[in-house]
Each structure stands twice: as C-alpha cells, then as structure tokens.
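Enquirer: kindly return the folded structure for what I paste below:
(chains A, B, C and D)
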There are 2 protein chains.
Amino acid sequence: MALQKSSMGEKGSDRGETIKGQIVAAAKKRFSHFGYGKTTMAEVASDCGMSPGNLYRFFPGKLDIAEAIATADFEKRLAQQRGFARQTGKSAPEKLADLLFDELRSTYHQLEKDPRVFEMARVIAAERPSFGNWILENQRRILVEILEEGGAQGEFYVRDKLFTAEMIQSATMKFHYPQLFSQLTLSKLERELDGVLQLLLTGLRARVPAPA
Amino acid sequence: MALQKSSMGEKGSDRGETIKGQIVAAAKKRFSHFGYGKTTMAEVASDCGMSPGNLYRFFPGKLDIAEAIATADFEKRLAQQRGFARQTGKSAPEKLADLLFDELRSTYHQLEKDPRVFEMARVIAAERPSFGNWILENQRRILVEILEEGGAQGEFYVRDKLFTAEMIQSATMKFHYPQLFSQLTLSKLERELDGVLQLLLTGLRARVPAPA
DNA sequence: AGATTGAATGATTTGTTGCTTATTCAGTCG
DNA sequence: CGACTGAATAAGCAACAAATCATTCAATCT
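Expert: Okay, here's the model as predicted:
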C-alpha cells in the first residue's frame, strides 16, 4: 500500500516523506522525550499508524532506528564542518581551530542540554563500535582536506596527511567526548583545547618533520 | 598494646612494619586474589588478628585501604618515572618519550594481566575523583622537570612550562587509560603514541611559540 | 503475491525479599 | 584511660518472581 523506496543517497535524511523517514521522526520525538530505554517499539509503530511487526520491514531493530537518527545528526554536523574547511579568506590553521572548537561546543551543549542524548550515545557506542569509527573516519577526511590545503599554501609541512589527521584526532580525543572524562566546564575545556591546538599547530607548521 | 605511628612521610609505603602497613598488605593479598567487592572487612581484620571494628582506628573505611594500596603502587611508578626524567646522557625529548611509553606499557600490562586491578581502579576513580587529580598533578611535576631541562639545554622553547605540561597530558590522555577508550592492541597504541609525540615534540622544539 | 497484522516467544527489565557486609558504638579489657 | 571487641544497624547486594518488551512468523488482508 505505501511506498518505501527513497531516491536519496544511502544515508540521506528524509523528513517524513518516506516511511523510513516517518518512523525515524516518530522515534526521534519519543527518544528525546522519554529516552531510548523507555520508548517501546509498539509506541513508535502506533505513532506511525502501523503494527509493531511492520517496523521490521523497514529497520532490522530498535537500535538501527537510533543509529539512523544519530547518523542524520552527524551528517548535519559533518556538513557544517566541511563548511568550515572550505571557508574562503581563512588560513588552514584557522580552519582547523574552527572545526575543533565547533566540535567541542556542539557536543558539549548537546549533552549538557539533554541526558537523553547522552543515553542514546552510550547505547550506540556500546553496541555498535563501528559507528564511532564511521564518524572518526569522516571527520578525518575533512582534516586531511585542511592539511592538504595548508600544505599547498605553505602553511603546513606534513608528510603523511592521513596519518597526521589520525594523530590530531588522537590528541584531541578529550574534547570530542567532553563530559565522558573530565567534568570540566566548557570554558576550561576551551582553554585546554586552545593550548593543545597551539602546540599541534606549531608542530604542523615546522619545516622539520621529525628527526630520528 | 600495639604501636601505630609511622615515622615515614604522609604517603609512605611500609611493608607490614606498622599496623597500617600490615592491614594494607593483608587487604592487597585478598583484593588481588578475590577482588575488591568479594573481600570483606571481617576477613582482612581476621588476617591481621584483630576485630573488624578495630580496622576503623587505622582507616576511615574500606575504600581508604584500597586507596592506600593504589597510592603505594603509583608512588613506585612515579619514582621510576622520576628516574627516567633524570637519566644522564639522554636528551629531554628522549626522556619525555621514555616516560610516556613507560606509562602506556605499565598500565596496559597491569590491566591486561588482572581484571581485579581494573575493578579497583574503577571503584576508586568513581568514588574518589580527587585521586586521579593527585596522580596527574604528580606526573605533571615530572613533565615540568623535563621541560625545564629541555629549555636549559636549548632543546625546547616553551614559555609556560606548567601549562604546557598540562597540555601534554591532555593530548596523551588516550594513552593513560588505554583500554578505557580504544580496545586497541598495544602495538597500535604505541604507534599512535609515537605519532602524537612526534607532533608535540616538533611543536616544543620550535622557536616561535605561537602567532596571534 | 506482497503488505500487514498481532499473538507467541524468549530475552531483558523491574520489583521484591532476604541475606551479606560496612560501619558504629556501648561496653570490656589491661 | 585508651586499646580493643563484637553485637546492632542500616546500606547494599544477590536471587528469585513477575511483568514488560523486542522480535518473529503463521495467518489475514488487499
């Protein structure tokens, strides 16, 4: 009776136009209202005017709906970060700073605002380790873009750009999952990120890659 | 009847010579055999030939015994790391590398070998956040030592050494609590630490601190 | 035939009960 | 009197029962 095929890309976010989109929208509302654990598949199904069993024709399971929500959110953020990387009239170091500070502030506020988001993040991270890798991989691509442009402009001197991007992620890990480790206030975190970034930038700018 | 006063420093580790030391030794044996949760105060007391109530004249509570054990362990490690910092015939960068790699390998092996240690670490970290700060603070002092010597030798150009030490800790956080985040093998972690360290070292060596 | 349902199933969560154990402290001991 | 004990308390935890819920699938519908 109802169509389910989307003409958009694999991870595209559709806002209620396809059935999958409708399910995601309904689940999102419930998850952020009552939490992932307290939302039942039956509720989501009835919100969409269908039976619980029918949900499984669109998603393999509950967790996959949560993953779809998270994917859409991160894709929005990735788009914004790609925007930072492509700003005109900014140096590569500035772009890098914009990207990392945005990341810190976004997740900090998102998790501050709502413990439900935190719950979803924890569940997904626990059950789907590959999801975290997907995010890191995509952000790394943006970092490589910045490093490449910085190299072309003579701002950075980096040999292996992909590896370096990985190291930047490694060194700024603390700021990607702020409240997981530190219980620090946002302004302390910003101060620290600034410090780490200065150190890294000096390293990236230096002509000598690394002695034996 | 029995003496309890120690003539050593506040956090000194005594090996069964004082009563506190005897308690710590007995608890350590049980904790590492059966785990923190499965060890009762009554057992520790009877190992020491005293009543459960009497333990409380020496420690405020069970967790404080665990903390004393952890403190002694970390003091041993700190002493070793101070040793690294004071090696003769090594450059400051090399000392820094020795210190960080030792930290990574020590905790990795300790946690790998024995889940009991992991349990104790988790409990202490959860209930006594200040303990983690004490460790960081002490290690930071060693880092400052290295940075100062590096500065004197013309190997590093760093203005605020204490702040820089904090940033180094921040950037290498991932390697201090290896299996908490990553599930990476030791050799992958070592490779990553090496990469991050190269980046940081380049930054520390550079003459230009940081442009506006 | 393919889409959809909803009762059946088994896993997980919740609630409850009784026991174990950290901690205290009135009392004993030397 | 201060060192020490061990029963008393209450906090936390394990074990079990009941209920809930994700997931499946035989049957129904269009």
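Enquirer: and whichever residue of chain A sits closest to DNA strand C, what element?
Expert: Distances between chain A and DNA strand C by CB to the nearest atom of the strand are smallest at A:Gly53, namely 1.7 Å. Just so you know, the C-beta spots here come from the backbone N, C-alpha and C atoms, and that holds for glycine as well. Element membership for A:Gly53, per DSSP states H and E: helix A:52-55.
Enquirer: what residues does the one helix or strand A:Lys95 maps to touch?
Expert: Taking DSSP H and E as the definition, one finds A:Lys95 inside helix A:92-113. Helix A:92-113 is contacted from outside by A:77, A:80-81, A:84-85, A:87, A:90, A:117-118, A:121, A:139, A:142-143, A:146-147, A:149-150, A:153, A:155-156, A:168, A:172, A:175-179, A:186, A:189-190, A:193, A:197, A:201, A:204-205, using CB atoms under 8 Å, 6 or more residues apart in numbering or on different chains.
Enquirer: helix or strand next in line after that helix, which one?
Expert: Heading C-terminal from helix A:92-113, the first helix or strand you meet, by DSSP H and E, is helix A:115-127.
Enquirer: what's the angle from that following helix to helix A:92-113?
Expert: Computed by axes from the mean of the first three to the mean of the last three CA atoms, to 10 degrees, the angle separating helix A:115-127 from helix A:92-113 equals 110 degrees.
Enquirer: return the set of buried residues in helix A:115-127.
Expert: For helix A:115-127, a neighbour-count test (16 or more other CB atoms under 10 Å in any protein chain shown) marks A:Arg116, A:Val117, A:Phe118, A:Glu119, A:Met120, A:Ala121, A:Val123, A:Ile124 as buried.
Enquirer: return the residues of chain A in contact with chain B.
Expert: Within chain A, the positions near chain B by CB under 8 Å from any CB of the partner chain are A:129, A:163-164, A:166-168, A:170-174, A:181, A:183, A:192, A:195-196, A:198-206, A:208-210.
Enquirer: narrow those residues to just the buried residues.
Expert: Of the residues of chain A next to chain B, these count as buried by 16+ other CB under 10 Å: A:164, A:166-168, A:170-174, A:181, A:192, A:195-196, A:198-206, A:210.
Enquirer: among these, name the ones in strands.
Expert: Of the positions in those, not one sits in strands, assigned by DSSP state E.
Enquirer: any idea which element the most centrally placed residue in chain A lies in?
Expert: Central residue of chain A (CA atoms, centre = their mean): A:Phe74, 3.9 Å from the mean position. Secondary structure assigned from DSSP H and E places A:Phe74 in helix A:62-85.
Enquirer: how far off centre is that helix?
Expert: When C-alpha coordinates are averaged (CA atoms, centre = their mean, to the nearest Å), helix A:62-85 and its chain have centres 6 Å apart.
Enquirer: show me what the worst-scoring helix or strand of chain A on mean pLDDT is packed against.
Expert: Of the helices and strands making up chain A, the lowest-confidence element is helix A:178-181, at a mean of 78, by mean pLDDT, DSSP states H and E. When contacts are defined as 3 or more CB pairs under 8 Å, 6 or more residues apart in numbering or on different chains; DSSP states H and E, helix A:178-181 packs onto helix A:92-113.
Enquirer: report the buried residues of the helix it packs on.
Expert: Along helix A:92-113, the positions that meet the burial threshold by neighbour count (16+ other CB under 10 Å) are A:92-93, A:95-101, A:103-105, A:107-108, A:111.
Enquirer: report the rounded mean pLDDT for it.
Expert: Helix A:92-113 shows an average pLDDT of 94 in the prediction.
Enquirer: tilt between the helix or strand containing A:Ala25 and helix A:62-85?
Expert: Using DSSP H and E, A:Ala25 falls within helix A:19-34. Helix A:19-34 and helix A:62-85 are oriented at 90 degrees to each other (the same axes, to 10 degrees).
Enquirer: next, count neighbours for A:Arg141.
Expert: The local packing of A:Arg141 (other CB atoms under 10 Å in any protein chain shown) involves 14 other residues.
Enquirer: picking up where we left off before, so which of the buried residues of helix A:115-127 is the closest to B:Gly21?
Expert: Using CB to CB, A:Phe118 is the member of those that lies nearest B:Gly21, at 42.9 Å.
Enquirer: ok, the closest one - contacts?
Expert: For A:Phe118, the contact set (CB under 8 Å, 6+ apart) comprises A:Leu111, A:Gln179.
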